[in-house]
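Visitor: coordinates only, sequence not included:
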């Protein structure tokens, strides 16, 4: 039996979503020198292992994008899939996968983009983007903004419009918003 959402119960069928952003931020772990020396990796696995934190994140992200007019969500591989799937189910929006090259099973469109130490490619199924339709981009982390900007360029090249970008964490010191200039960006936790 699932608990009544209005009951305030903490049974398995219902959680009280009462974590603050400060409590969520405390769960993000710094992992020094990963994946290479000098990088401080932001580990989100504690957010995923806490049902209360994850549920709070999804509710807050849903509230942040409540007024965004979009026909679909583009979730970026791979951690964007986790948040995107839960968010898409929560708001009733179709979710489409943005993957690395060669991972999609049907005809796809691709974009090449620059990384700090090389280049990479992202792909989207060719039948996803409709001309003049609006799309939401979702990922776990906004760092330099290069990946989300590449997805934005791919959407625009295919005739669509990016309505907004939503992230859980923003590394404010990397100025990733600059790469997304002119596009509304929402984040929950900003790390300076």
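Guide: Yep, it's here. All figures in this text were calculated on a predicted structure; none of them were measured in a lab.

Visitor: would you state the strands of the protein in chain order?
Guide: Taking DSSP state E to define them, one finds strands in the chain at 29-32, 40-43, 72-76, 95-100, 108-115, 118-125, 134-142, 161-171, 185-191.

Visitor: turn those strands into a markdown table, columns for mean pLDDT, distance to residue 23 and mean neighbour count.
Guide: From N, CA and C alone the C-beta is placed, and that goes for glycine too. Below are the strands of the chain laid out as a markdown table (pLDDT from 0 to 100; distance: least, Cβ to Cβ, whole Å; neighbours: other Cβ atoms under 10 Å):
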| stretch | mean pLDDT | distance to residue 23 | mean neighbour count |
| --- | --- | --- | --- |
| strand 29-32 | 97 | 14 | 11 |
| strand 40-43 | 94 | 16 | 14 |
| strand 72-76 | 98 | 25 | 24 |
| strand 95-100 | 98 | 27 | 20 |
| strand 108-115 | 93 | 33 | 15 |
| strand 118-125 | 94 | 33 | 15 |
| strand 134-142 | 98 | 18 | 25 |
| strand 161-171 | 98 | 14 | 23 |
| strand 185-191 | 97 | 11 | 18 |
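
Visitor: so which bits of stretch 49-67 are buried?
Guide: 50, 52-58, 60-61, 64-65 (16 or more other Cβ atoms under 10 Å).

Visitor: which ones are touching residue 21?
Guide: 60, 188-189 (Cβ atoms under 8 Å, 6 or more residues apart in numbering).

Visitor: same deal with residue 130?
Guide: Contacts for residue 130 (Cβ under 8 Å, 6+ apart) come out as 71, 159-160.
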